[in-house]
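# Here is my input; please provide its structure:
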Amino acid sequence: MFRFAIRDVLLVMVIVGLAVGWWVDHQRLDTKARMAEASKWEHYYHLWDVAKLWADEVQHDVTFTIPGGKKILVPNPGVASPVPVPRP
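You can find the predicted model right below:
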């Protein structure tokens with residue numbers, strides 16, 4: 001039969017408590033990171049909608065630059081203009 005001292009039980013409780021605390025903190029940080037990423041894309045979708053409305057109003061294509069230097073072309077839905085195909 002196994003015999004455990006109070007010290008052994010307390011040590012196991014501390015180890016399990018630390019592991020659970022780390023896991024909960026990791027899940028919380030992961031959730032925050034996912035929400036921040038979703039919020040960033042939501043901002044870009046809104047920017048895209050505004051650019052489409054503006055392109056329709058000014059009657060030509062609109063190009064805007066997002067952070068990081070990437071340029072995005074928003075074609076005017078009312079004008080049939082060819083969209084350039086990026087070359088590798």
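
# residue boundaries of the helices in the protein?
6-58 (DSSP state H).

# Closest to the centroid, which residue in it?
Of all residues in the chain, the one closest to the mean position by Cα atoms, centre = their mean is E37, 1.6 Å from it.

# any idea of the pLDDT on it?
As summarised for this prediction, E37 has a pLDDT of 80.

# One more: M13?
97.

# okay, now it: neighbour count?
Neighbour count for M13, taken as other Cβ atoms under 10 Å: 10. Using the backbone N, CA and C atoms, a C-beta is placed for each residue, glycine as well.

# swap in V50?
V50 sits with 13 neighbouring residues when counted by other Cβ under 10 Å.

# With R7 instead?
Residues within reach of R7, counting by other Cβ under 10 Å, total 8.

# mind checking pLDDT for it?
94.

# how near is it to G21?
21 Å (Cβ to Cβ, to the nearest Å).

# how much space between F64 and D49?
Relative to D49, and taking Cβ to Cβ, F64 is found at 12 Å.

# scratch that, Q27
Taken as Cβ to Cβ, the span from Q27 to D49 is 33 Å.

# same question, L29
To D49, L29 is 31 Å away according to Cβ to Cβ.

# what about H43, how many residues close to it?
Count around H43 with other Cβ under 10 Å applied: 11.

# Same question for L53.
By other Cβ under 10 Å, 13 other residues sit near L53.

# And the pLDDT for it?
71.

# measure it to V74 for me?
Taken as Cβ to Cβ, the span from L53 to V74 is 10 Å.

# And V20, by the same measure?
48 Å.
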